[in-house]
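[1] pasting a predicted model and its sequence here:
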Amino acid sequence: MMDDMVGLAAVSLLGVLEQAYFSLQVIYARRKFSVSPPRTSGPPEFDRVFRAQANCAEYFPIFITVLWTSGVFFSPGLSSVCGLLYLYGRFRYFCGYSQSAQGRLAPLYFSAQVLWVLIGFSSLGVVFSFCRVYLRVDPIQVVWSALPLV
């Protein structure tokens, strides 16, 4: 079982490192644009970096939750690949938003779509597991037995 989770753990750790990188970028932007804590606004260049980091941090708990739920109840390999795609989208989002507000849009839509896929995988996995464990019904078996033989 633990061997199946290595990909999920690696993606999680990569996600934590990505969040740390985003936080460091805010620190650098604070120094560059002379925005001392606790201030959270300054020149537009600082505001974009700050908002990009904050937005990524806001979605991180959702991402980690659905990554692991999908990996445990649906498919660890497929979930890990989706997790890598999500992190790539978030990195592109951060870089794009740091340059211009418009630059965040395409990566935002991409990462949101990947997140919804993980939510879908999580939901299917949990519902199917619930049916097997508590209702003693395997939904996949029911569907396969209902299909006409060709």
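    Done, it's in.
[2] buried ones in stretch 35-54?
    Of all the residues in stretch 35-54, those buried under the rule 16 or more other C-beta atoms under 10 Å are V35, G42, F46, D47, R48, V49, F50, R51, A52, Q53. Just so you know, the C-beta spots here come from the backbone N, C-alpha and C atoms, and that holds for glycine as well.
[3] just stretch 89-105 next, same as before
    Along stretch 89-105, these residues count as buried under the neighbour rule (16+ other C-beta under 10 Å): G89, R90, F91, R92, Y93, F94, G96, Y97, S98, G103, R104.
[4] can you pull the contacts of the most centrally placed residue in the chain?
    Nearest to the geometric centre of the chain sits F63, at 3.5 Å (C-alpha atoms, centre = their mean). Residues in contact with F63 (C-beta atoms under 8 Å, 6 or more residues apart in numbering) are G15, G83, Y86, L115, L118.
[5] and T69, by the same measure?
    T69 is in contact with S122, G125, V126, counting by C-beta under 8 Å, 6+ apart.
[6] how far off centre is the helix or strand bottoming out on mean pLDDT in the chain?
    Evaluated with mean pLDDT, DSSP states H and E, the helix-and-strand set of the chain has its lowest mean pLDDT in helix 139-146, which scores a mean of 84. When distances are taken as C-alpha atoms, centre = their mean, to the nearest Å, helix 139-146 is centred 31 Å away from the chain's centroid.
[7] that helix - contacts with which helices or strands?
    Packed against helix 139-146 by the contact rule (3 or more C-beta pairs under 8 Å, 6 or more residues apart in numbering; DSSP states H and E) you find helix 105-134.
[8] give me the buried positions along the helix it packs on.
    Residues of helix 105-134 classed as buried by neighbour count (16+ other C-beta under 10 Å): P107, L108, F110, S111, V114, L115, V117, L118, F121, S122, G125, F128.
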